[in-house]
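Engineer: Predicted model and sequence follow; I will ask about them next.
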Amino acid sequence: MDLKYALRPSLTLTGTINPDFGQVEADPAVVNLSAFETFFSERRPFFVEGGGIFSFDIDCNDGNCSGLFYSRRIGRTPRGEPDVPDGGYSSAPTQTTILGAAKLTGRIGNFSVGALNAVTGDEDAVISNGTLQTRQTIEPLTNYSVVRARREFSNQSALGFMTTFTNRNLDASTKFLPGEAYTGGLDADWRLGPKYAIRGFLAGSTVQGDPTAIDELQRNTVHSFQRPDASHLTYDPTRTSMNGYGGSMSASKIAGARMVFSSNVGFKSPGFEINDVGFMQRADQRTMSNWMQIRYDKPSQQWLRSFRYNLNQWAGWNYDGDRLYSGINVNAHAVFRNNWATGTGGNINWQPFDDRATRGGPGVYGNAQRSIWAYLESDQRPAVSIGVFTFNSTDGKGTTLHDIGPNVSYRPSSFLKASLGVHWAQNIDASQWVEATDDGRYVFARIYQQTVGIQTRLNYTVTPALSIQLYAEPFVSSGNYTNFKELVDGRSKSYEGRYQPTVYTGNPDFNYRSFRTTNVLRWEYKPGSTLFVVWQQGREDSVGYGDFNFSRDFGAVFDAPAKNVFLVKFAYWFNP
C-alpha cells in the first residue's frame, strides 16, 4: 500500500507498506568483467518522485552522478551465502523485502528539505538436506535513514548538509556485515555574480562492526588495504571500525555567450566508505580535471543552428602517489538548420596504473590508449527518425574495442511510438584478469568478447486515460580466453616485462544469454486514480563456451529458465 498526503502546499508525506515495484522497467543486462560494481539508475516511483532533494554528489561522469544516498541499496539482493552441506541444496529470495518506508519532501521557507526512513526485513535461505530443512539469515533486519536540507539564496547560491544512518540487527550468520554505518557532509554552490561559481563538498564516514565485517571492507576492491605494494595502507584484520573522509572543490564560469569552463580537485581517503546506503566505486584517490567549452548558439544563415566544442583534461593518483590515469579529450557537436545533429571526439589516455587489477594483489601498469567516437541523429519531428553512435579504441599492443549502436524510431501519430535499438560491441583485451591461483600466481589472458543487445519499445495511448507500454531486450555476450599469462612485474613500464606465459587448466569462457521484458497497461479510471496491470518476465542462462553464433545464441535466449511477475496495482485519489 502507498500513501501520499500534502501536509501543506509545499510539504508532502509519502509512505509505502510492503511495496511491489514490478511495474518498473527492468535493468539492462550487462556482463561486468571489471573490479568495480555496476551502477544502475533508480526506477522505482517511490524513490524517484522528489528524489532530487536527496542528491549529494560524490562522483560525476558526464552528468551521471552518485553519492551519499543510493536508494537502490534499499531492497537490494541479499548478500549472505547459505552454508549448504554436501548433497543438499538451498533456495533464497532475490530481493530484500521493504517492510515499510516513508519520506517527507518539500520546502520550509528558504530551505528545501527531505527526510526518509525505510525498514527492510530479515531474509532467510531455506537449506534442504534430504528430509531436513533449516533456515539461515542471509540479510538482516535493517533500518535506513536519510536527512537532507539546503538553504537557497536569492542569487541562486545554496548551502546544504546531509546525514545517513544504517543500522542492522545482526545474528551469527550475518556478522560479515557492519552493524552501524554513518555518513555526513556539507556542500555549497556559491555564485560570484551571474557568471561564476565555486562549488564543493566535505564529507566523512564511520563504519562499525564485528572484525569479520571490517576485515571484508578493508579487502574489497573499494579499499584494497591488503595490497602488498601499498606503503601508505595499514591492513588490520582485528579492526572493529573504519573511518574516512572525502571532498572536492571547483571553480567555474557557468554563463556567457561564448565560453564556459570548470576546474576541479577532489579527494577520497583510503578509509572513506559510503556504500551501506550510498554508491562509490573506489576510495584512496586524489583527482583533478579541467573542462572548457566554446559555443556558438546563434543560428547561421546557411548551415548551423548551434556549434560547440569542448576541451577536457583529467588525472588521478592514489594516496601512495601512483598516477592511476591521465588523459585529454577534444570533441565537437553541431546542430544543423534541418535539425539533424552530429558530434565527434577523440581521447588520449597516457599509461595508467591499475592498483585494483589483481583484486587485492600488486598493481599493474597498463598501456596508453587512443580512442575516437562519433554520433549522428536525424530530425526527431518526422514520423521516422534514426541515430547511430560508434566508439573505437586501441592501445597498439593488441587491445581494441569497437562499439556501434544504431537506432530507429517510428511515430506515425501522436498516440503511437515504436523504437528499435541495436548494440554490438567487440572487445579484445590482451590482459584481462582471470584469477589469483592457490599457488600464488596472478593469471591474465587475452579475451575475445562479443556482445549484442536488441532493445525494443512500444508506447501506445489507446485513449487519454488508457495506455500500453511494452519493453523487451534479448542480450547475448560471449567471451573466449586464450594466451594465458601470469604477472611477473606489474611495475614494468614495458608490456613484455609485466607478464610471462603460463599453463592454466581452468575454463573461464562464457556465453551469457538474457531476455527481459516489462509490459504495462495503465488506466486512469478517474482523474488522479489509476489501475496498473503488469507482466514482467526475465530469462537468464550461461554456458561454458566462449564462441558467438547469432542464430544459435539468440534462439537459446528463449529457452533459458524464466521468472514471471504478474502485478495489479490500484491507486485512488481522495480529493476533498
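Structural biologist: Here it is on my side, so go on. Numbers count the residues shown, from 1 in each chain.
Engineer: In the stretch 301-450 of the chain, mark out all the helices, start to finish.
Structural biologist: Taking DSSP state H, counting those that start in this stretch to define them, one finds no helices in the stretch 301-450 of the chain.
Engineer: Okay, now the unreliable bits of it?
Structural biologist: Across the stretch 301-450 of the chain, the ranges flagged by pLDDT under 70 are 301.
Engineer: let's see 50
Structural biologist: Low-confidence regions of the stretch 301-450 of the chain, defined here as pLDDT under 50, do not occur.
Engineer: Okay, strands next: where are they in it?
Structural biologist: For the stretch 301-450 of the chain, the strands identified by DSSP state E, counting those that start in this stretch occupy 304-317, 323-336, 341-349, 353-354, 364-365, 369-377, 384-394, 400-413, 416-436, 442-463, in order along the chain.
Engineer: hey, which of these is tucked in deepest?
Structural biologist: Ranked by mean neighbour count under mean count of other Cβ atoms under 10 Å, the strands of the stretch 301-450 of the chain are led by strand 364-365, which reaches a mean of 22. Where C-beta positions appear, they are placed from N, C-alpha and C, glycine not excepted.
Engineer: Give the pairing partners of that one; include direction for each.
Structural biologist: Counting by DSSP bridges, the strands paired with strand 364-365 are strand 353-354 (antiparallel).
Engineer: circling back to that earlier point, of all the strands of the stretch 301-450 of the chain, which lies closest to Ala92?
Structural biologist: Smallest distance to Ala92 across the strands of the stretch 301-450 of the chain (Cβ to Cβ): 25.2 Å, for strand 416-436.
Engineer: so what does the closest one touch, helix or strand wise?
Structural biologist: In this structure, strand 416-436 packs against strand 400-413, strand 442-463, strand 466-487, helix 495-498, with contacts taken as 3 or more Cβ pairs under 8 Å, 6 or more residues apart in numbering; DSSP states H and E.
Engineer: so which of those comes closest to Ile138?
Structural biologist: Using Cβ to Cβ, the nearest of those to Ile138 is strand 466-487, at 27.4 Å.
Engineer: List the buried residues for the closest one?
Structural biologist: Using 16 or more other Cβ atoms under 10 Å as the test for burial, strand 466-487 gives 467-481, 484-487.
Engineer: Shouldn't Asp553 be within a strand?
Structural biologist: No: with DSSP: H, G, I helix; E, B strand; the rest coil as the criterion, Asp553 is helix rather than part of a strand.
Engineer: what about the nearest residue in space to it that is not next to it in sequence, distance to Leu420?
Structural biologist: When the adjacent residues along the chain are set aside, Asp553 lies closest to Val476, with 4.4 Å between them (Cβ to Cβ, 6 or more residues apart in numbering). Distance, Val476 to Leu420, by Cβ to Cβ, to the nearest Å: 17 Å.
Engineer: Check Ile214 too.
Structural biologist: Taken as Cβ to Cβ, the spacing of Ile214 relative to Leu420 amounts to 49 Å.
Engineer: starting at the chain centroid, how far to stretch 280-287?
Structural biologist: Computed by Cα atoms, centre = their mean, to the nearest Å, the separation of stretch 280-287 from the middle of its chain amounts to 15 Å.
Engineer: What of stretch 72-92?
Structural biologist: Relative to the chain's own centre, stretch 72-92 is displaced by 23 Å; criterion: Cα atoms, centre = their mean.
Engineer: can you check stretch 3-16 too?
Structural biologist: Centre-to-centre, stretch 3-16 and its host chain are 29 Å apart (Cα atoms, centre = their mean).
Engineer: send the alpha carbons of that stretch over as CSV?
Structural biologist: In CSV, the C-alpha atoms belonging to stretch 3-16 read as follows (Å, rounded to 0.1, in the frame of the first residue of the first chain):
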residue,chain,number,x,y,z
LEU,A,3,0.1,6.8,0.6
LYS,A,4,0.7,10.4,-0.5
TYR,A,5,-0.5,13.2,1.7
ALA,A,6,0.0,17.0,1.4
LEU,A,7,0.8,18.2,4.9
ARG,A,8,0.9,21.7,3.5
PRO,A,9,1.0,23.0,-0.1
SER,A,10,4.8,22.9,-0.2
LEU,A,11,5.4,19.8,2.0
THR,A,12,4.4,16.2,1.1
LEU,A,13,4.5,13.0,3.1
THR,A,14,4.8,9.8,1.1
GLY,A,15,4.6,6.3,2.7
THR,A,16,4.6,2.7,1.5
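Engineer: and the strands of the stretch 301-450 of the chain as a markdown table, adding distance to Arg44?
Structural biologist: Output for the strands of the stretch 301-450 of the chain, formatted as a markdown table (distance: least, Cβ to Cβ, whole Å):
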| stretch | distance to Arg44 |
| --- | --- |
| strand 304-317 | 33 |
| strand 323-336 | 33 |
| strand 341-349 | 32 |
| strand 353-354 | 34 |
| strand 364-365 | 39 |
| strand 369-377 | 30 |
| strand 384-394 | 28 |
| strand 400-413 | 26 |
| strand 416-436 | 23 |
| strand 442-463 | 19 |
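Engineer: Out of the ones you listed, which gets nearest to Ile98?
Structural biologist: It's strand 442-463; of the strands of the stretch 301-450 of the chain, that one is closest to Ile98 (Cβ to Cβ) at 27.6 Å.
Engineer: thinking again about what came up before, quick one: closest of the helices and strands packed on strand 416-436 to Asn32.
Structural biologist: Taking Cβ to Cβ as the criterion, strand 466-487 is the member of the helices and strands packed on strand 416-436 that comes nearest to Asn32, at 10.3 Å.
Engineer: Present the helices and strands packed on strand 416-436 as CSV; the columns should include distance to Thr164.
Structural biologist: Formatted as CSV, the entries for those read as follows, by distance: least, Cβ to Cβ, whole Å:
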stretch, distance to Thr164
strand 400-413, 36
strand 442-463, 34
strand 466-487, 32
helix 495-498, 41
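Engineer: which residues sit in contact with Gly490?
Structural biologist: With Cβ atoms under 8 Å, 6 or more residues apart in numbering as the criterion, the residues that contact Gly490 are 229, 357-358, 362-365, 498.
Engineer: switch the cut-off to 6 Å
Structural biologist: Gly490 makes contacts with 362-364, as judged by Cβ atoms under 6 Å, 6 or more residues apart in numbering.
Engineer: how near is it to Ala436?
Structural biologist: Computed as Cβ to Cβ, the Gly490 to Ala436 distance reads 13 Å.
Engineer: Could you check how many residues crowd around Pro362?
Structural biologist: Pro362 sits with 16 neighbouring residues when counted by other Cβ atoms under 10 Å.
Engineer: Ignore what I typed, I meant Thr166.
Structural biologist: Thr166: 24 neighbours (other Cβ under 10 Å).
Engineer: and it, bridged to which residues?
Structural biologist: On the basis of DSSP bridges, Thr166 takes part in beta bridges with Tyr144, Ala181.
Engineer: on that earlier part again, to Arg552, which of the strands of the stretch 301-450 of the chain lies closest?
Structural biologist: Put simply, out of the strands of the stretch 301-450 of the chain the one that sits nearest Arg552 is strand 442-463, at 12.3 Å, with distance taken as Cβ to Cβ.
Engineer: Taking strand 466-487 as reference, get the angle to that closest one.
Structural biologist: In terms of direction (axes from the mean of the first three to the mean of the last three Cα atoms, to 10 degrees), strand 442-463 departs from strand 466-487 by 170 degrees.
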